[in-house]
Every structure is written in structure tokens, then in C-alpha cells.
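> what follows is a protein structure lacking sequence information:
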């Protein structure tokens, strides 16, 4: 029976090169896009990270800093909702960023995570009064540029 041996390079330069190649391969499966500056919440900033898993699902992680409570907007709203435009040219509600149960700290940090089978082309956030809304409000609080394919 023929046994396979694991190749472990003895040369440090070769070892670093192999590690860098493997790291680059895992990072390239991920897209990170910042939110654009907002006139609605000008102090807010953050980004969206999208990773494709082995089943071709899209894992979406949003991080935001300095996002004002929705009740402080003009006009006041009850919640923030996350939406995406898909590669199939429709808009999908991804869910609510909860602000009442401690999702926001004193520094007004928020994160949101979800998984979807659709490929997003753009992510945006609106302020809403109804969590069951099926179409986003006209004013987008935060939005990304279109993702490169």
C-alpha cells in the first residue's frame, strides 16, 4: 500500500510563500464594501462583507458605527431595515437591525448577519415604521455602491 506524505517545506521563504497563497485563496472569496456617506445620518459609517460558502450561499455581515437611534431621525421612525438589490434585479428584505435589545452600545455600534441564496448587487438600509413592510421607504439611510461581479 502506498502512503501519502504531507509536504512541509523546510525553507522559511517557501513556507511563507505557501501560507500567503493559501491565505489569498480564502480572502478572495470575500467582498467588502463600505457604506457611502449619508446626508440622513452623516456621522455613520460602516461596511458590508459578503462571503460565498461551499453551497453558493451568500453570508452577509454588516458593521455600522455612529448610527443614530431611528427615533431621533426627522421624521422619527421605529426601526432600521436592511435590504439588498439582487443579481436578478429585485429588492429583498433581509431583516431588522434591532436597537431596543442592546444591539447598540453607547458608541452606537451595530452588527447584522444573515445568509441568503441570492447574490447581492447592492445593500442598503432604510428607516421604517412597520417591520412587515414589503418595499423599502423612499429615503435610504445608508447604501453601498454596486458590487463588482
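Ah, there it is. Bear in mind that the values here come from a model prediction, so they are computed numbers and not experimental data.
> where do the strands sit along this protein?
Taking DSSP state E as the criterion, the chain carries its strands at 30-34, 45-52, 58-65, 79-86, 91-97, 109-116, 120-128, 140-143.
> sheet partners, orientation included, of the shortest one?
If I follow you right, that is strand 140-143. strand 120-128 (antiparallel) (DSSP bridges).
> and for the fourth one?
Taking DSSP bridges as the criterion, strand 79-86 pairs within the sheet with strand 91-97 (antiparallel), strand 120-128 (antiparallel).
> which outside residues touch it?
Outside of strand 79-86, the residues within contact range by C-beta atoms under 8 Å, 6 or more residues apart in numbering are 60, 62, 67, 70, 91-99, 112, 114, 116, 118-129, 131, 133, 136, 141. C-beta: built from backbone N, CA, C; applies to glycine.
> what's the angle from it to strand 109-116?
Computed by axes from the mean of the first three to the mean of the last three C-alpha atoms, to 10 degrees, the angle separating strand 79-86 from strand 109-116 equals 40 degrees.
> so where is this protein shaky, pLDDT-wise?
Across the chain, the ranges flagged by pLDDT under 70 are 1-29, 98-107, 149.
> coming back round to it: need the strands paired with strand 79-86 in TSV with distance to residue 43 and mean neighbour count, can you?
Output for the strands paired with strand 79-86, formatted as TSV (distance: least, C-beta to C-beta, whole Å; neighbours: other C-beta atoms under 10 Å):
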stretch	distance to residue 43	mean neighbour count
strand 91-97	16	16
strand 120-128	15	21
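> nearest to residue 49, out of these?
Nearest to residue 49 among the strands paired with strand 79-86 is strand 120-128 (10.2 Å), distances taken as C-beta to C-beta.
> what comes into contact with the closest one?
Outside strand 120-128, the residues that touch it by C-beta under 8 Å, 6+ apart are 33, 35, 40, 48, 50, 58, 60, 62, 64, 70, 73, 77-87, 94, 97, 136-137, 139-147, 149.
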